[in-house]
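S.K.: need coordinates for the following:
(2 chains)
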Amino acid sequence: MRPGWHMRAYKWLIGGPPLLYLLVFFAAPVLIMVVASFRFPGEFGGLSPLVYEDETGRHLDLTLENYQRFFADLLYLSLFFKSLLYAAITVLACLLLSYPLALLISRSPKKYRDVMVLLVILPFWSNFLIRIYAWILILGPQSVFVGALNGVLAWFGAGPVTLLYTPFAVVLGMVYVHLPFMVLPLYANLEKHDPALLDAAQDLGANAWERFWRVTFPLSLPGVYAGAALVFIPAFGMFAIPDLLGGTEGIMIGNVIKQQFLDSRDWPFGSVLSMVLTVMAVLLAALAALYARRSRQ
Amino acid sequence: MALLEIRAVTRRFGDFTAVDDVSLSIEAGEFFTLLGPSGCGKTTLLRLIAGFDAPDAGRIVLDGKDMTGIAPEHRNVHTVFQSYALFPHMSVEQNIAFPLKMARVPAGEIRPRVEEVLEDVRLTGMGRRYPNELSGGQRQRVAVARALINRPKLLLLDEPLAALDAKLKESVQLELIQLQREIGITFVYVTHDQSEALALADRVAVMNHGRVEQVDEPSKIYGFPKNRFVADFIGQCNLLEGVVTAAEGSRITVALDGIGDVAAVNPDGDRPGERGVLALRPEKVAIGTELPEHPEMNRFRGKVRDFLYLGDVTVYIVELASGARIEALLPNSAAGRARFFEPGDAVDVAWRHDAGHFLDD
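M.R.: Residues are numbered from 1 along each chain as shown, chains lettered A, B, ... in the order given. Below you'll find the model as predicted:
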């Protein structure tokens, strides 16, 4: 028995189950997907057998055809960039809406903060799809809001506008759904700021604007990056919201991936699209991390 | 006219009066200390001067200008905060340059001035470091440099040495005095540490319960405390209760409870019948196995009850026959341990008539 063996045993006891979980439900599926992206579709959907036999022996039945197809048709790449744009707009809008809210909560008396945070996460208590369906009613042609908006526009000699089944509706829905993911990390960061720093800045001659841009904002950047990542990653691959609110104009890459798996039953090509999505998201995250580290020095 | 005039300033928080009708005037170039126990209102007064808070009554006049309604960023006053409040995302240079940037000083002028101040506070070559890479003493110096760089009329310091260890404190105190003399900026320094206040200040204001109890030079505060609170708060003091029985010119006779009649000096004309305390510093009390009778001294016989050995000095607690206790302090400077008393030893304690000050209630 070596000294400290039980410490190692404890480590595995605590770290083992989550590690196993990640291996089985994350690493293995990713690996399966990577392999699937090089395979042929099955005759009736799914995948064709990985190994085939002919007179020369057994062969792995792999191909680059799926990737060739992806790069041959610019439609897919342009859909990626469109999704990227929607996700970026969503992140920006979430940031602009969340920052004042997070700041307000963090500067409120302690006894109100928890209630305010609870209000922010309250929408999670109702089902995601129901909340998106509600937007169909709000943005639909019969809605009071749209009626009022078009009334005002008509008064200025403009309109009427259609809101539902547009890219606008998609971004609006994504901002609505992801807002708490931006508010919470921002609040967690802002709440920890030492109020003496703002006193010091003011004492040394900084006005309210300068205090924000030179002290509060730079110190909140880790929260901004965390929130941006939490919003960007799910928004980039989103399919449910464009499905419900986007119509034909508002579809995103997530919809195409879903189609490949469920409608066209072309798993290999769906895997290719998923691969590209994952690689792009990881690349962007790495770039952001690199930039964050640089700007800190 | 004084640089800073605090005129009848009061600040209340609900039912609590943090600063109660305080008037002070602080001269240009002075090292002024606000001293008091925690909760005495000294930090509130500092925040009122800095402009973070506004008085409910009274006025603060800086350099002849009424500060009422003037925001902190527009006051020519800077603060060194207790936590130093260095900006963690800025290097030492950027921290120190901050007030200059806020004052729209041209970029070309900033660098040489930062270098100069870094030299003043002995931090040359540390400009690129970040606050979390500095020691406590270095951080304190950065905070001072940042607050001094654009030459405020007044520098406020809120317990800036509280976070430093005792050894470092002493050297930093000397540095602060030197720095203040070199640059000639008026310092208002808040502390609860009486030895720090005595060591640093040209003048000390002792505060308690929001009021100023006494304003004076350190030696006067220590030697001639004006009331029981000041005597007790500053240094060690025997406070012996009693009543004046006779007054004759500058001399009075006080009947101390459980001790007997003693002679004392009469600084503010106390009349017979007035009650109060005789404040007697332990170092003014002589102690010996047998002390001679002396016409200028009060002498009593007692027993050593206990002692506190403090290295440089020893404090003896002597119990008189009546049970009253008097503390006497003896320096341990004598070679060997010639005069060293043990608990139970019978001793005499004695003090000069003018060593005790009678403070009426």
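
S.K.: show me the contacts for A:Ile89.
M.R.: Contact analysis of A:Ile89 by C-beta atoms under 8 Å, 6 or more residues apart in numbering or on different chains lists A:Val171. No exception for glycine: its C-beta is placed from N, CA and C like everyone else's.

S.K.: need the pLDDT of it.
M.R.: Looking at A:Ile89, its pLDDT is 97.

S.K.: in which helix or strand would I find it?
M.R.: helix A:74-106 (DSSP states H and E).

S.K.: which stretches of the stretch 51-200 of chain B form strands?
M.R.: B:57-62, B:65-66, B:77-80, B:154-158, B:186-191 (DSSP state E, counting those that start in this stretch).

S.K.: now these in a markdown table, with mean neighbour count, mean pLDDT and distance to A:His6?
M.R.: Below are the strands of the stretch 51-200 of chain B laid out as a markdown table (neighbours: other C-beta atoms under 10 Å in any protein chain shown; pLDDT from 0 to 100; distance: least, C-beta to C-beta, whole Å):
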| stretch | mean neighbour count | mean pLDDT | distance to A:His6 |
| --- | --- | --- | --- |
| strand B:57-62 | 18 | 96 | 66 |
| strand B:65-66 | 12 | 94 | 72 |
| strand B:77-80 | 27 | 95 | 51 |
| strand B:154-158 | 24 | 95 | 50 |
| strand B:186-191 | 25 | 96 | 52 |
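
S.K.: looking at those, spot the one closest to chain A.
M.R.: strand B:77-80 (4.8 Å; C-beta to the nearest C-beta).

S.K.: and the next helix or strand past the helix holding A:Ile89?
M.R.: helix A:110-121.

S.K.: list the buried residues in that next one.
M.R.: A:Arg113, A:Met116, A:Val117, A:Val120 (16 or more other C-beta atoms under 10 Å in any protein chain shown).

S.K.: of all these, which two lie farthest apart?
M.R.: Farthest pair in the buried residues of helix A:110-121 (C-beta to C-beta) is A:Arg113 and A:Val120. Separation: 10.7 Å.

S.K.: and the angle from the helix holding A:Ile89 to helix A:110-121?
M.R.: 160 degrees (axes from the mean of the first three to the mean of the last three C-alpha atoms, to 10 degrees).

S.K.: quick check: residues of the stretch 1-150 of chain B near chain A?
M.R.: B:50, B:52, B:71-73, B:77-79, B:81, B:83, B:85-89, B:98-99, B:102-103, B:146-147, B:150 (C-beta under 8 Å from any C-beta of the partner chain).

S.K.: please list only the buried members of these.
M.R.: So, by 16+ other C-beta under 10 Å, the buried ones in the residues of the stretch 1-150 of chain B next to chain A are B:50, B:72-73, B:77-79, B:81, B:83, B:85-87, B:89, B:98-99, B:102, B:146-147, B:150.

S.K.: and residue 16, how many residues sit next to it?
M.R.: This is for chain A. Counted with other C-beta atoms under 10 Å in any protein chain shown, the neighbours of A:Gly16 add up to 11.

S.K.: meant chain B actually
M.R.: Count around B:Phe16 with other C-beta under 10 Å applied: 10.

S.K.: doesn't B:Arg299 fall inside a helix?
M.R.: No - applying DSSP: H, G, I helix; E, B strand; the rest coil, one finds B:Arg299 to be strand, outside a helix.

S.K.: touching, it and B:Val349? I think so.
M.R.: Yes - proximity of B:Arg299 to B:Val349 meets the contact threshold set by C-beta atoms under 8 Å, at 7.3 Å.

S.K.: find the centremost residue of the chain, please.
M.R.: All of this is about chain A. A:Pro234 (2.2 Å; C-alpha atoms, centre = their mean).

S.K.: sorry, should have said chain B
M.R.: Taking C-alpha atoms, centre = their mean, chain B has its central residue at B:Ala197, 2.9 Å away.

S.K.: read off the pLDDT value for it.
M.R.: For B:Ala197, the predicted pLDDT is 93.

S.K.: get me the contact residues on the stretch 101-250 of chain A for chain B.
M.R.: So the stretch 101-250 of chain A meets chain B at A:194, A:196-197, A:199-207, A:210, A:214-215, A:218-219 (C-beta under 8 Å from any C-beta).
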